[in-house]
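Asker: need a 3D model of the sequence below.
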Amino acid sequence: MDEVAKTVRIDGGIVVGHDGSKCAQEALVWAGRLAARADIDVHVVRAWQMTTAPQPATREHGYVPPLADFEKAVHDELTAHVAAAGLDPEVRVTCHVVHRPAAPGLMQAAENAHLLVMGARGRGGFAGLLLGSVSDQLVHHAPCPVTVVRTGATGKEIAAAQGTVLDAG
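Answerer: As a prediction, the model looks like this:
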């Protein structure tokens, strides 16, 4: 069986946890605006398991593809989300995928990061929660500062000229 990444080492920059949700996409856009202003790298990380991964192209009825095929499908989907975010082309972005549960995978990835950015809610769970379980765990246990981006946050305030405050609504 091919080896898949179970950890990622990131030195500095902003780590963005991305699970494919709308909130994660908005967190990516927010982090991209901050990165453009601060001239800092962005590392987009997706922690995945077979149950949360997109189906690889090699999947057929009665055949379970190797984990490497799932990893490629996850990476391809993550890369598409980054492209769809429309970040400033000057922002340096790297995509990472790790075969681990989300909270421990993101905590490990953020060990040497300057900032971890997360959406308030992910794909699963209960719709009425203001903060998802992974975001909640990371707010309490992450090894670096954490910013939680709510749906509807635009990041306009980061893109504003110095000394100017824009309405974020």
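Asker: beta partners for His96?
Answerer: Counting by DSSP bridges, His96 is bridged to Val45.
Asker: distance of it relative to Arg37?
Answerer: According to Cβ to Cβ, to the nearest Å, His96 stands 23 Å off from Arg37. Any C-beta I mention is one placed from the backbone N, CA and C, and that applies to glycine too.
Asker: between the two, which is the more surrounded one?
Answerer: Neighbour count, other Cβ atoms under 10 Å: between His96 and Arg37, His96 has more, with 20 against 15.
Asker: report pLDDT for the more buried one.
Answerer: In this model, His96 is scored at 98, pLDDT.
Asker: so it makes contact with Val44?
Answerer: Yes - look at His96 against Val44 with Cβ atoms under 8 Å: they come within range, at 7.0 Å.
Asker: so what's Ala47 up against?
Answerer: Neighbouring residues of Ala47 by Cβ atoms under 8 Å, 6 or more residues apart in numbering: 17, 97-106, 109.
Asker: return the backbone torsion pair for the residue of the chain most remote from its centre.
Answerer: Ranking residues of the chain by C-alpha distance from their mean position (Cα atoms, centre = their mean) puts Gly62 at the top, at 32.0 Å. Main-chain torsions, Gly62, degrees, to the nearest 10: phi 80, psi 0.
Asker: low-confidence ranges, this protein, go.
Answerer: 1-2, 121-131, 152-169 (pLDDT under 70).
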